[in-house]
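Trainee: turn this into a model:
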Amino acid sequence: MHFIWPHFLWCFALVLALPLIYLWLLKRKHRFAYTYPNLTIIRQALGPRNSWRRHTPPAILWLALCAAVIGVARPTAQVTLPADYMTLVLAVDVSRSMLAEDVEPNRIQAAQATVKEFLRELPNNIRVGVVSFAGTAQVVQQITDEREALVASVDRFQLQRGTATGSGLLLALATLLPNSGVDLQAAIYGEEFGRWGSKPLAERKPTTPPAAAAPPVPPGSYTNGAIILLSDGRRTNGPDPLAAAKQAAQRGVRVYTVAFGTPNGFIPGWEGSSFYARVDEQALQAMAKITEGEFFRAGNSQDLKEVYRHLSSKFSLERRDTEVTALFGAASLIFTILALGLSLLWFQRSVSTR
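Mentor: Below you'll find the model as predicted:
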């Protein structure tokens with residue numbers, strides 16, 4: 001729990017001193033002694049429960065003061081609430097290792113079926129964009145809230161050579177935050193990309209000025225969207241995925257990574273050759289850690305469904321800092337009314353009996 005006005009917590013010094021003052025007053029009253037011929041008279045006058053009844057209302061009133069002081073300091077707490085309008089970008093590996101048959105019928109078909117199911121189950125307040133990556137990366141579907149268009153885009157995946165995980169992440173980041181200054185040309189193709197004739201593009205006058213890079217923000221602080229990256233292989237070309245993850249972290253974007261497949265993934269007879277396809281879990285774990293996201297491991301289609309089901313619930317309900325001053329104010333009011341009510345109920349009756 002955090003406080004917006006923590007300096008008001010100094011009032012607790014006075015509130016904590018009240019029980020000591022109360023005990024001192026009770027002790028002072030005990031100094032005066034009275035002589036009674038029979039102690040039974042005193043016991044009958046006090047009754048069996050008057051000893052604790054006398055202290056209960058002051059104790060409850062003290063709790064009301066404690067709640068009031070906490071409320072004045074304006075506390076905030078992480079509360080799980082329905083998510084606001086969010087944007088997700090799915091980055092899916094479509095390298096030829098997705099033909100491995102360790103997941104029935106093969107990795108790519110199992111991934112397509114699960115991603116389509118995930119898209120259909122997402123709440124209506126979440127928009128989605130789809131990016132695929134292999135040797136290069138491309139936007140398969142721009143960000144939209146039309147579920148049928150998104151599902152149809154998953155069927156358009158085309159397997160290619162290579163695995164450029166960093167390219168896929170950077171393109172997903174640029175799709176999520178198009179004005180954040182992500183330089184895809186330099187990051188994916190290098191500074192000398194576009195050299196035609198004797199003059200590189202860098203020496204030509206740009207038609208539009210490049211977007212200025214936004215100042216870095218704390219990792220995970222962007223709450224209006226996230227990236228989900230699924231890969232089953234190891235990076236073979238393109239930019240370093242960890243450097244791409246750092247760019248996402250500087251913009252506060254969380255990256256949730258999914259390692260899909262088993263260590264013994266095998267592709268039989270691809271263009272006359274066969275090879276093993278093994279996922280790079282270490283890199284995917286590091287990407288998620290850098291961006292304050294999460295890493296998931298899915299060894300089969302059922303595991304992958306569980307991962308996407310968990311992610312769907314995560315984006316439907318999110319934890320965020322919320323001011324809870326009203327709760328402590330209500331608690332203080334309830335304690336005060338309870339203390340006054342018990343005082344009137346118990347002590348007015350005893351006065352009227354006398």
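Trainee: list the contacts of R53.
Mentor: 342, 346 (CB atoms under 8 Å, 6 or more residues apart in numbering). To be clear about C-beta, it is placed using only N, CA and C from the backbone, and glycine gets the same treatment.
Trainee: which secondary structure state does L230 sit in?
Mentor: Here L230 is recorded as strand under DSSP: H, G, I helix; E, B strand; the rest coil.
Trainee: grab the nearest non-local neighbour of it.
Mentor: Computed as CB to CB, 6 or more residues apart in numbering, the closest residue to L230 that is not its neighbour in sequence is V258, at 4.4 Å.
Trainee: low-confidence ranges in this protein?
Mentor: Residues of the chain that meet the criterion pLDDT under 70 lie in 29-51, 78-85, 186-214, 264-277, 316-321, 348-354.
Trainee: how's it carved up into domains?
Mentor: With domains defined by automatic domain parsing, the chain comprises 2-73+331-353, 81-183+212-321.
Trainee: from those domains, which stretch is densest packed?
Mentor: Comparing the domains of the chain by mean neighbour count (mean count of other CB atoms under 10 Å), domain 81-183+212-321 comes out on top with a mean of 19.
Trainee: hang on, R74 packs against H7?
Mentor: No. Counting by CB atoms under 8 Å, R74 stays clear of H7, with 10.8 Å between them.
Trainee: just the C-alpha atoms of stretch 15-24, please, in CSV.
Mentor: Extracted C-alpha coordinates of stretch 15-24, given in CSV (Å, rounded to 0.1, in the frame of the first residue of the first chain):
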residue,chain,number,x,y,z
VAL,A,15,-3.8,8.5,17.9
LEU,A,16,-1.4,5.9,19.3
ALA,A,17,-1.0,8.0,22.5
LEU,A,18,-4.7,7.9,23.2
PRO,A,19,-4.8,4.4,24.6
LEU,A,20,-1.9,5.4,27.0
ILE,A,21,-3.9,8.5,28.1
TYR,A,22,-7.0,6.3,28.6
LEU,A,23,-5.1,3.8,30.7
TRP,A,24,-3.6,6.6,32.8
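Trainee: what about it, distance to the chain center?
Mentor: Relative to the centre of its chain, stretch 15-24 is centred 43 Å away, using CA atoms, centre = their mean, to the nearest Å.
Trainee: can you list contacts of that stretch?
Mentor: Residues contacting stretch 15-24 (CB under 8 Å, 6+ apart): 58, 62, 65-66, 69.
Trainee: over to stretch 149-165?
Mentor: Outside of stretch 149-165, the residues within contact range by CB under 8 Å, 6+ apart are 92-99, 108, 112, 115-116, 119-120, 128, 130, 132-137, 140-141, 144, 188, 229, 231, 233-239, 241, 244, 280, 283.
Trainee: which ones are touching A226?
Mentor: Contacts of A226 were listed using CB under 8 Å, 6+ apart, and they are 86, 88-89, 176, 253-256, 293, 315.
Trainee: for these, which one is nearest L304?
Mentor: Proximity of the contacts of A226 to L304 (CB to CB) peaks at Y256, which lies at 13.0 Å.
Trainee: could you tell me whether the closest one really is in a strand?
Mentor: Yes. Assessed with three-state DSSP, Y256 lies in a strand.
Trainee: that one against F296, yeah?
Mentor: Yes. Look at Y256 against F296 with CB under 8 Å: they come within range, at 7.2 Å.
Trainee: and the host helix or strand of I108, what does it pack against?
Mentor: Applying DSSP states H and E as the criterion places I108 in helix 107-121. Helix 107-121 sits against strand 86-93, helix 147-154, helix 301-316, with contacts defined as 3 or more CB pairs under 8 Å, 6 or more residues apart in numbering; DSSP states H and E.
Trainee: any idea of the angle it forms with helix 147-154?
Mentor: Helix 107-121 and helix 147-154 are oriented at 170 degrees to each other (axes from the mean of the first three to the mean of the last three CA atoms, to 10 degrees).
Trainee: re earlier: between the helices and strands packed on helix 107-121, which one is nearest to S167?
Mentor: S167 sits nearest to strand 86-93 of all those, at 9.5 Å, using CB to CB.
Trainee: strands paired with that closest one, and their directions?
Mentor: strand 126-133 (parallel), strand 225-231 (parallel) (DSSP bridges).
Trainee: redo those strands as CSV? Include distance to L20.
Mentor: Formatted as CSV, the strands paired with strand 86-93 follow (distance: least, CB to CB, whole Å):
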stretch, distance to L20
strand 126-133, 55
strand 225-231, 52
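Trainee: closest to N300 out of those?
Mentor: Closest to N300 of those is strand 225-231 (CB to CB; 14.0 Å).
Trainee: for the helix or strand following the closest one, which helices and strands make contact with it?
Mentor: Sequence order places helix 241-250 as the next helix or strand after strand 225-231, per DSSP H and E. When contacts are defined as 3+ CB pairs under 8 Å, 6+ apart, helix 241-250 packs onto helix 165-176, helix 281-290.
Trainee: export the helices and strands packed on helix 107-121 as TSV, with columns for distance to S332.
Mentor: Shown next, in TSV, are those (distance: least, CB to CB, whole Å):
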stretch	distance to S332
strand 86-93	36
helix 147-154	47
helix 301-316	34
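Trainee: ok, which of these comes nearest A326?
Mentor: Of those, the one closest to A326 (CB to CB) turns out to be helix 301-316, at 24.7 Å.
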